[in-house]
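Chemist: Quick check, what structure comes out for this input:
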Amino acid sequence: MSSHSSGPVQARTRGFTALTVAVGIMVSLSLAPAASAAPDPDDVLAPSIIGGTNAVISDAPWQVGLVYLNASSDYQGQFCGGSLVSSWEIVTAAHCIDSSGDVLTTADIGVMIGRATLSTTARTALPLASITVHPGWDKTTNENDIAVLRLAAPVALIPGLQEAITLPASSPADGTSALITGWGNTSTSGTSYPTQLKRALVTTVSDSSCDTAYGGINAEVMLCATGSGFTTDTCQGDSGGPLAVESGGVWQLAGVTSFGIGCAEAPYPGVYAEVSAFTTWLDAQLTAGPQVVRIAGASRYSTAIAISKAGFPDPVTSVPVVFVASGTNFPDALSAGPAAANLGGPLLLTSPSALPSEVTAEINRLNPDKIVVVGGTGSVSASVYSALSGLAPEIVRLGGADRYATSLIVSEYAFESEDTDTAFVADGAGFADALAAGAAAGAYDAPVVLVRGISSSVSTAARNYLEDLGLTQIFAVGGASVISPSMLASLGTIAATERLWGADRIATAVDVNDEAFDSSEFVYLSNAFSFPDALAGGVLATRQPGPLFTVPANCVPTSVLSAITALGATEVRLLGGAGILTVRVAALRTC
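Modeler: Just a heads-up that it's a prediction; the model follows:
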């Protein structure tokens, strides 16, 4: 590629004078004037990228910032952008890593993820495990200007905050609208580096017009775009960032910010590495481990809604049923989850005394044929029942004198003898074993029946129901301290009974899942000591099958990590926010 004689071709990295001595590459990267040590006081009012506006992270939740680790803050150290393409990997420009013979290493840089504002006081960059520059990267021609950064540990993908952008199958057509984002220079005549992420729209231009402007480009691996009248463009500091194109409601990474002559300077469009030319190479790099996805809301009620949306993303007309149970106590919902899954609907949670408006909105979205309210008026009040009655053509309440009676009524409602030959039995005094049993029960199309585990025998009502099902096997979940030997023997008089258990609730869940799943694309993790966020998860774990493991709030036991590997899981789903399962769980950190 030869540059046009009117000006120098510039990579769009941001310089940082304080690092020049420590990192030899800075001379070659510092094509832009060095950023000042503090943000411009009028950053918020400054023009964006070139010719755009302030952005929030939900505008481009795949955007990341590359930051020098020895800088005093994210703002001081940010020099390039990138795009999150998985829980483990980021795509950026090769020239952000390798320029003028000097190559940055994992000891030099980290990645800032899930933030639109560069902190002027803190360092939030995550460490990297490896950096892979495309083997064909040519510093003279800027061809193959693409690289992959691999995180030292995965991050949880969260809608609107940390999303992986899709790799494209083909190049966008000429004239396609595209989104550019970054923290690069916002001035065409000086230097003004913002703390706030900027966004702008550009349009892809033909290879021929770009080739004419630059006097020759390699259109096989390069893509060009600019704003109307050359008023919008990326600039220094935006290198490596995304050129994103929306197709069918899905955002795709069409290009990686590479170089240009000037910024928003006619007749030169911005030049990007054309990602579709590298998909085979990129696919070979994205092999670090399972993706990690967080399904969560701001409360237990909104988390159940997020789970519902994941399992029922777009009802064509309606779902057959929605189950509603109390979100303040666990027993009713433990049997309701498997029942809802068997009947083809989600489980939503409510406050006992008032129906949350967000739950009303979700039920309206689902447009169910029927609502099943689980529990008596002490669990779901008459006023909540009344509010629910106007949201579906039919409504029914299933409740008994206690949690055990309610469990039987719910199971009888959803499971008949022709539906299953298996049942799971768990102690009703705790929630952990029954939660793990819910996903496993889904694999068998089986109910979860709660019993008084320390009793010497099965109650008459439970025996009658289990016998009526005509079972061939029963799985009793829990050790002898929760399901007594005499209870196990009593269950054995109904059908062949096997105890699934471990030394603690976490180990019990591992044993349950080992019985039910030989392999699985999905794995679900919930807090072993907090029930609300996982209550609705059993439905999703049945609809999109996978085992549900219970783990501590801040780590993943080795036994669970081993199970994830043995199952061949490609996606780990966290049920609940960072206050329930911390970033250490998202990073799959061992206990």
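
Chemist: what are the ranges of the strands in the stretch 301-450 of the chain?
Modeler: 322-326, 347-350, 370-374, 394-398, 422-427, 448-451 (DSSP state E, counting those that start in this stretch).

Chemist: got TSV for the ones you listed, with mean pLDDT, mean neighbour count and distance to residue 233 too?
Modeler: To be clear about C-beta, it is placed using only N, CA and C from the backbone, and glycine gets the same treatment. As requested, those are arranged in TSV below (pLDDT from 0 to 100; neighbours: other CB atoms under 10 Å; distance: least, CB to CB, whole Å):
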stretch	mean pLDDT	mean neighbour count	distance to residue 233
strand 322-326	97	29	49
strand 347-350	97	28	47
strand 370-374	98	24	54
strand 394-398	98	17	57
strand 422-427	96	27	60
strand 448-451	96	28	59
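
Chemist: Looking at the ones you listed, which is nearest to residue 139?
Modeler: Residue 139 sits nearest to strand 347-350 of all the strands of the stretch 301-450 of the chain, at 56.2 Å, using CB to CB.

Chemist: Before we go further, residue 192 is sitting in a helix, right?
Modeler: No: secondary structure of residue 192 (DSSP: H, G, I helix; E, B strand; the rest coil): coil, not part of a helix.

Chemist: distance of residue 123 from residue 74?
Modeler: Distance, residue 123 to residue 74, using CB to CB, to the nearest Å: 6 Å.

Chemist: so what sits against both of the two?
Modeler: Residues touching both residue 123 and residue 74 by CB atoms under 8 Å, 6 or more residues apart in numbering: residue 67.

Chemist: Of those two, which one has the most company?
Modeler: Neighbours per residue (other CB atoms under 10 Å) separate residue 123 from residue 74, with residue 74 holding more: 24 against 18.

Chemist: tell me the pLDDT at the more buried one?
Modeler: Residue 74 is assigned a pLDDT of 92 by the prediction.

Chemist: Measure how buried residue 383 is and give me the count.
Modeler: So residue 383, with other CB under 10 Å, has 13 neighbours.

Chemist: Phi first, then psi, for the spatially most central residue of the chain.
Modeler: The residue lying closest to the centre of the chain (CA atoms, centre = their mean) is residue 157, at 2.4 Å. Backbone torsions for residue 157, taken as degrees, to the nearest 10, come to phi -80, psi 130.

Chemist: got the contact list for residue 358?
Modeler: With CB under 8 Å, 6+ apart, residue 358 has these contacts: 301-302, 305.

Chemist: possible to save the residues you listed as CSV with neighbour count and pLDDT?
Modeler: Formatted as CSV, those follow (neighbours: other CB atoms under 10 Å; pLDDT from 0 to 100):
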residue, neighbour count, pLDDT
301, 22, 96
302, 17, 96
305, 23, 97
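
Chemist: with these in mind, which one is nearest to residue 197?
Modeler: Of all those, residue 302 has the smallest distance to residue 197: 25.6 Å, by CB to CB.

Chemist: ok, the closest residue to that closest one other than its chain neighbours to residue 261 distance?
Modeler: In space, and not counting its chain neighbours, residue 302 is closest to residue 358: 5.8 Å by CB to CB, 6 or more residues apart in numbering. Counting by CB to CB, the separation of residue 358 from residue 261 is 51 Å.

Chemist: swap in residue 311?
Modeler: 51 Å.

Chemist: what's the answer for residue 316, then?
Modeler: To residue 261, residue 316 is 51 Å away according to CB to CB.

Chemist: For those two, work out which one has more neighbours and name it.
Modeler: Counted by other CB under 10 Å, residue 316 and residue 261 do not tie: residue 261 has more neighbours, with 20 against 6.

Chemist: Does that one touch residue 269 like I think?
Modeler: No: judged on CB atoms under 8 Å, residue 261 makes no contact with residue 269 at a distance of 9.7 Å.

Chemist: Low-confidence regions, the stretch 251-400 of the chain specifically.
Modeler: When residues are selected by pLDDT under 70, those of the stretch 251-400 of the chain lie in 288.

Chemist: can you give me the helices in it?
Modeler: Applying DSSP state H, counting those that start in this stretch to the stretch 251-400 of the chain gives helices spanning 279-285, 300-311, 331-343, 357-366, 382-389.

Chemist: tell me what the third one is packed against?
Modeler: Counting by 3 or more CB pairs under 8 Å, 6 or more residues apart in numbering; DSSP states H and E, the packing neighbours recorded for helix 331-343 are strand 322-326, strand 347-350, strand 370-374, helix 403-414, helix 432-444, strand 448-451, helix 532-535, helix 537-543.

Chemist: Residue 83 is nearest to which of those?
Modeler: Closest of the helices and strands packed on helix 331-343 to residue 83 is helix 537-543, at 27.9 Å (criterion: CB to CB).

Chemist: After that closest one, which helix or strand is next?
Modeler: The helix or strand immediately downstream of helix 537-543 is strand 548-551, counting by DSSP states H and E.

Chemist: which other helices and strands contact that following strand?
Modeler: With contacts defined as 3+ CB pairs under 8 Å, 6+ apart, strand 548-551 has these neighbours: helix 432-444, helix 505-516, strand 522-527, helix 537-543, helix 558-567.

Chemist: what pLDDT, on average, does the second one get?
Modeler: The predicted model gives helix 505-516 an average pLDDT of 96.

Chemist: Check which helices and strands that helix sits against.
Modeler: Here helix 505-516 touches helix 432-444, strand 473-477, strand 496-500, strand 548-551, helix 558-567, going by 3+ CB pairs under 8 Å, 6+ apart.

Chemist: any residues touching it, and which ones?
Modeler: 430, 432-433, 435-437, 439-440, 443-444, 475, 477-479, 498, 500-502, 528, 547-552, 557, 559-560, 563.

Chemist: where's it relative to the chain centroid, distance-wise?
Modeler: Relative to its parent chain, helix 505-516 has a centroid offset of 25 Å by CA atoms, centre = their mean, to the nearest Å.

Chemist: Could you export it as CSV, CA atoms only?
Modeler: In CSV, the C-alpha atoms belonging to helix 505-516 read as follows (Å, rounded to 0.1, in the frame of the first residue of the first chain):
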residue,chain,number,x,y,z
ARG,A,505,-24.5,-29.5,49.8
ILE,A,506,-22.0,-28.7,47.1
ALA,A,507,-20.7,-32.3,46.8
THR,A,508,-24.3,-33.5,46.8
ALA,A,509,-25.1,-31.3,43.7
VAL,A,510,-22.1,-32.8,42.0
ASP,A,511,-23.3,-36.3,42.6
VAL,A,512,-26.8,-35.4,41.5
ASN,A,513,-25.6,-33.9,38.2
ASP,A,514,-23.2,-36.8,37.6
GLU,A,515,-26.2,-39.1,37.7
ALA,A,516,-28.3,-37.0,35.4
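
Chemist: got the angle for that helix vs helix 558-567?
Modeler: For helix 505-516 against helix 558-567, the angle by axes from the mean of the first three to the mean of the last three CA atoms, to 10 degrees is 20 degrees.

Chemist: What of the longest one?
Modeler: Orientation check (the same axes, to 10 degrees): helix 432-444 against helix 558-567 gives 10 degrees.

Chemist: re earlier: tell me which of the helices and strands packed on helix 505-516 is the most buried.
Modeler: Among those, ranked by average contacts under mean count of other CB atoms under 10 Å, first place goes to helix 432-444 (a mean of 29).

Chemist: Please name the bridge partners of the residue nearest to the centre of the chain.
Modeler: As for beta bridges, residue 157 partners with residue 293 under DSSP bridges.

Chemist: any idea how far residue 523 is from it?
Modeler: Noted for residue 157: a distance of 14 Å to residue 523, by CB to CB.

Chemist: Same question for residue 99.
Modeler: 41 Å.

Chemist: who's more crowded, those two?
Modeler: When neighbours are counted by other CB under 10 Å, residue 523 comes out ahead of the other of residue 99 and residue 523, with 26 against 23.

Chemist: My read is that the more buried one contacts residue 569, right?
Modeler: Yes: assessed by CB under 8 Å, residue 523 is found in contact with residue 569 at 4.3 Å.
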